[in-house]
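S.K.: the amino acid sequence is not available; the structure is as follows:
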């Protein structure tokens, strides 16, 4: 065998071992980087899912609260309408006009009677309740919006 080849063979073998080890390290690093990217992507997707679910839960809770308030307001309106209908029935039974409960039908009944006054007061109360329900909805909506903003900070 050639003396030069005999002298270079260990160096070539050593270089080949170093190159194989270097390639192994590079491949291992690339694999670890890909695994890290995959893990980070999965973590980000899980966080995004959690945020979306929390948002949906908050939206559902607010919707349920709003529906409850609307149902309560509708029940109150129904109660007011039933009481108003009963007052109108009493007024008709006593010969009064429910549209103008304070007006008398006979000349000797010039002053308002207690049922007519009560009916007029109750009608005004019904209007006030309807206005107050709208204001309460606005206030509750604004408060819910502010609380949601404070939680998101």
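M.R.: Yep, that arrived. Please read these numbers as outputs of a predicted model, since none were measured by experiment.
S.K.: can you name the element that comes right after the lengthiest helix in the chain?
M.R.: As assigned by DSSP state H, the longest helix anywhere in the chain is helix 3-93. Downstream of helix 3-93, the first helix or strand assigned by DSSP states H and E is helix 114-152.
S.K.: show me what that next one is packed up against.
M.R.: When contacts are defined as 3 or more Cβ pairs under 8 Å, 6 or more residues apart in numbering; DSSP states H and E, helix 114-152 sits against helix 3-93. Where C-beta positions appear, they are placed from N, C-alpha and C, glycine not excepted.
S.K.: who does the helix it packs on touch, helix- and strand-wise?
M.R.: helix 114-152.
S.K.: distance between the helix it packs on and the chain's centre?
M.R.: Centroid separation for helix 114-152 versus its chain: 21 Å, with Cα atoms, centre = their mean, to the nearest Å.
S.K.: pLDDT (mean, whole number) over it?
M.R.: Helix 114-152 carries an average pLDDT of 76.
S.K.: the inter-axis angle of that helix versus helix 3-93?
M.R.: 170 degrees (axes from the mean of the first three to the mean of the last three Cα atoms, to 10 degrees).
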